[in-house]
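In: Next comes the sequence, and after it the predicted model I'd like to discuss.
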Amino acid sequence: MPKLLIVYFSRTGGAEQMAKAAFEAAQSEEGTETVLKRAEEAGPEDLLEADGYIFCAPENLAAIAGGMKEFFDRSYYAVLGKIEGRPYAQMICAGSDGENAMKQTARIATGWRLKVAQEGFIVCTHAQGKEEILADKTIDEEDLRKCRELGEAMAAGLAMGVF
């Protein structure tokens, strides 16, 4: 049975809600095992055991959040040349932009020779001031629906062998 790995980092809850929505939807798909791991708990062995990936992280200071970057740093060379061709998608939670974090994740995936299976997206919380940025986030239902659709599509695609 193919395995979908969802790795996420979240400090204020936004990316966590997104990853969990994708996970719950992916779990409902028969024929695929789905694993959800925080970036701090995930490593190269998880990437090697999975057949496809969803990466979910916030953008902090116009870059991918440090916790997610640290996961990529710990895992990159250990799996280089061993996961080529596997499908991935990504979701970014941002206060105003998110494009740079999206590009950084895509560059890492390109280095691993992963293939884009589903178009990634950015959920913008519009948090601008210090208090808003540091506050716990609540992702709206429309955005969570997109996360669920992504999780479901990735799991179904792996189950059907279309990636």
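Out: Yes, it's here. Numbers count the residues shown, from 1 in each chain.
In: right, and Y8 touches A15 too?
Out: Yes - counting by Cβ atoms under 8 Å, Y8 touches A15, with 5.3 Å between them. C-beta here means a position set from N, CA and C on the backbone, and glycine is covered the same way.
In: and for the one helix or strand in the chain whose mean pLDDT sits lowest, what are the contacting residues?
Out: The weakest-scoring helix or strand in the chain, judged by mean pLDDT, DSSP states H and E, is helix 130-134 (a mean of 86). If you take Cβ atoms under 8 Å, 6 or more residues apart in numbering as the criterion, helix 130-134 is touched by 12, 95, 125-127.
In: same thing with stretch 23-32?
Out: By Cβ under 8 Å, 6+ apart, the residues outside stretch 23-32 that reach it are 1-4, 6, 34, 36, 54, 147-152, 154-156, 158-160.
In: For that stretch, measure first residue to last.
Out: 11 Å (Cα to Cα, to the nearest Å).
In: Show me which parts of it are buried, residue by residue.
Out: Using 16 or more other Cβ atoms under 10 Å as the test for burial, stretch 23-32 gives 23-27, 29, 32.
In: out of those residues, what pair is the most spread apart?
Out: Largest separation among the buried residues of stretch 23-32 by Cβ to Cβ: E24 and T32, giving 13.3 Å.
In: The residue lying closest to A127 once chain neighbours are set aside: neighbour count?
Out: With sequence-adjacent residues excluded and distances taken as Cβ to Cβ, 6 or more residues apart in numbering, A127 is closest to G95, at 4.0 Å. Counted with other Cβ atoms under 10 Å, residues neighbouring G95 total 19.
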